[in-house]
Every structure is written in structure tokens, then in C-alpha cells.
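S.K.: Can you look at this prediction? I've put the sequence above it.
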Protein chains: 2
Amino acid sequence: MSDSLSATLAALADPTRRAILARLAQGEASVNELSTPFSISQPAISKHLKVLEQAGLISRGRVAQSRPCRLEAAPLRDLVGWLETYRRFWDQSFDRLDAYLKELQKGNPDEPRN
Amino acid sequence: MSDSLSATLAALADPTRRAILARLAQGEASVNELSTPFSISQPAISKHLKVLEQAGLISRGRVAQSRPCRLEAAPLRDLVGWLETYRRFWDQSFDRLDAYLKELQKGNPDEPRN
DNA sequence: CGGTTATATAATGCATAGGTTAAATACATG
DNA sequence: CATGTATTTAACCTATGCATTATATAACCG
């Protein structure tokens, strides 16, 4: 999974990891703090954190024995950038524009003309 | 991978599948048309299409022997919706707003007050 | 019907993901 | 320095992902 977009998407595909990010959106947290809400073991959380870190979605500091994690924006920004390519497919207003243009093309007499 | 957001992200995590979507963004295509650009076998493409279909990212019709595929927007829209939660992390303008608010909080005398 | 084209499914192999428990490392402190 | 706390790494297991080739299904056409 060499490319970073694939790494980002794969990292985000796991619900546990998304929950971790949701927690980090509220501020830094230690590994222990991140583990407690989950029923899985703490080493499992460490693995998830490693995946998130390698995808660049989190970074970690060092405070005594603790390794505080914080959310990193860059990969999310890149993902949004990629999604922009498909904006005309998912954006509601684009949908309406599309419908409008199709009406024009049909020459529907109910629609305004110029 | 029961939840649909996980399914969407997992489907998008594969570069071949993203390339297929990129092709479909230009219009419907048959399985054969989708296979030709790739070095992998046609059954492999069929499997990718199945993954995309189960994630709701494509739908398929039937025209003679051909099964034309087309891009479906809904899961992308949902993904963008999920990303909105993190907008303040990835949006540049939010970054600037953040910095501004922090300046205010510090009581920096260079900054305007009200 | 018999052959051709388009696509899907089956059987299989191998690598990776995600979990576990047990052991190692890193730092703090009495 | 010995011990406790926080976290990582190792060894292992099972399930799933992605590819392959061979075979089956579906629809068209002479």
C-alpha cells in the first residue's frame, strides 16, 4: 500500500481507528486514555495507533512514560482534495444544476429560456 | 465490515478500484472496457466491481451480454458528510480562524478588540 | 442448435489485517 | 537500584483480501 491516499483510506476503514480519531478531535490523549473505551486489548490499540501514525493521521509526543497522540490534518485534507474530483457526483447543488441543464437541453417549455 | 462507511472506505482504499471509479466518472463502461487498462485478469476486475457494488459506489445494468457500470454518488456524499466533522482540522480558512481566536484569547495588544 | 462474446463463479495460494497473551523497553520515583 | 506504570514488540492464530487459472452462465448470432 505504497501510495498515501490508499494508506489514509485503509486506516480510516476501521471503525476502531475512526473512533480513536473522533476522540482525538477533542484534544490530545494518551494511549491508556484511548484504550479505555474499547473492549479490545491495549496492544491492539497500540497497533491501531501505529497504522494511524504511518498514515500520517496522528503524531505522538513524549511526556514521561506517556505518549500523547494528536490528530494530524494533512491526510484528511488530501482526501478531501481527492473527493473534489467527484464533487459533481456528490454535491447536491451540482445535482440541481445538472437537472436544470438537462431541462434546458430537453427544451422543456416550462423552463426559462434565453 | 458491517457499517457502510467502513465498506466505502475499504472499497476506496484500493488503487485499482479508485482507477475504475475515475474511469466511470467519465461515463458508463462495460466490464471489458474497465479491464483493458489494467494488467490484471478480468475475473480480478469482476471482483473489484463486486466490492464497489456492495459498497454502493457503482450500479450495473444489462445490455445484451454487457453489464454496464455507472458511478453512484451516495457513498461519496456520506463520506464527505463524515469528513465535515473534521473540517476545522483540514480546512485552511478554519486554521486561520483558529489562529485568530487564539490571538484574541491571549489578549495580544496588536489584535483588534471589541 | 452450436459457436462466440461477455461476465461471473469456483477452487486455490499467498500475504496482510486484526486480534490475543507474554515479554521487553522506557521512564519515574521511593 | 528496585519497583510500578505506560507503552511497544514478539510470537502466534484466524479471517480476509487480492490475485491466479479453470470452469460455468448468459445472451447474441448464424
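M.R.: Structure's in. What do you need? As the structure is a prediction and not an experimental result, all values here were calculated from the model. Numbering: from 1, shown residues only, chains lettered A, B, ... in the order given.
S.K.: Every contact and neighbour count from this point should use C-alpha atoms.
M.R.: Noted.
S.K.: ok, for the spatially most central residue of chain A, nearest residue in space, not its chain neighbours?
M.R.: By C-alpha atoms, centre = their mean, chain A has its centre lying nearest to A:L76, at 5.1 Å. Of all residues beyond its chain neighbours, the one nearest A:L76 is B:W90 (6.1 Å), with distances taken as C-alpha to C-alpha, 6 or more residues apart in numbering or on different chains.
S.K.: same check, this time on A:R18
M.R.: Excluding its sequence neighbours, the residue lying closest to A:R18 (C-alpha to C-alpha, 6+ apart) is A:L12, at 5.9 Å.
S.K.: tally of neighbours for the one you found?
M.R.: As a burial measure, A:L12 scores 24 neighbours (other C-alpha atoms under 10 Å in any protein chain shown).
S.K.: One more: A:P15?
M.R.: By other C-alpha under 10 Å, neighbour count at A:P15 equals 15.
S.K.: Name the helix or strand for A:A7, please.
M.R.: helix A:4-12 (DSSP states H and E).
S.K.: The residue nearest to A:R18 contacts A:A19, correct?
M.R.: No. At 9.6 Å, A:L12 does not count as touching A:A19 under the criterion of C-alpha atoms under 8 Å.
S.K.: remind me which residues of chain A are low pLDDT?
M.R.: Applying pLDDT under 70 to chain A picks out residues A:1-2, A:93, A:95-99, A:101-114.
S.K.: got the residues of it near DNA strand D?
M.R.: A:30-33, A:42-43, A:46-47, A:49, A:65-68 (C-alpha under 7 Å from any atom of the strand).
S.K.: Which two of the residues you listed have the greatest separation?
M.R.: Distances among these were taken as C-alpha to C-alpha; the most separated pair is A:K47 and A:Q65, at 17.8 Å.
S.K.: Just want to know which of those two has more residues nearby.
M.R.: A:K47 (11 against 7).
S.K.: what's around A:S59, how many residues?
M.R.: Count around A:S59 with other C-alpha under 10 Å applied: 18.
S.K.: so who does A:E53 touch?
M.R.: A:S59 (C-alpha atoms under 8 Å, 6 or more residues apart in numbering or on different chains).
S.K.: what helix or strand does it sit in?
M.R.: helix A:42-54.
S.K.: roughly how far is that helix from the heart of the chain?
M.R.: 17 Å (C-alpha atoms, centre = their mean, to the nearest Å).
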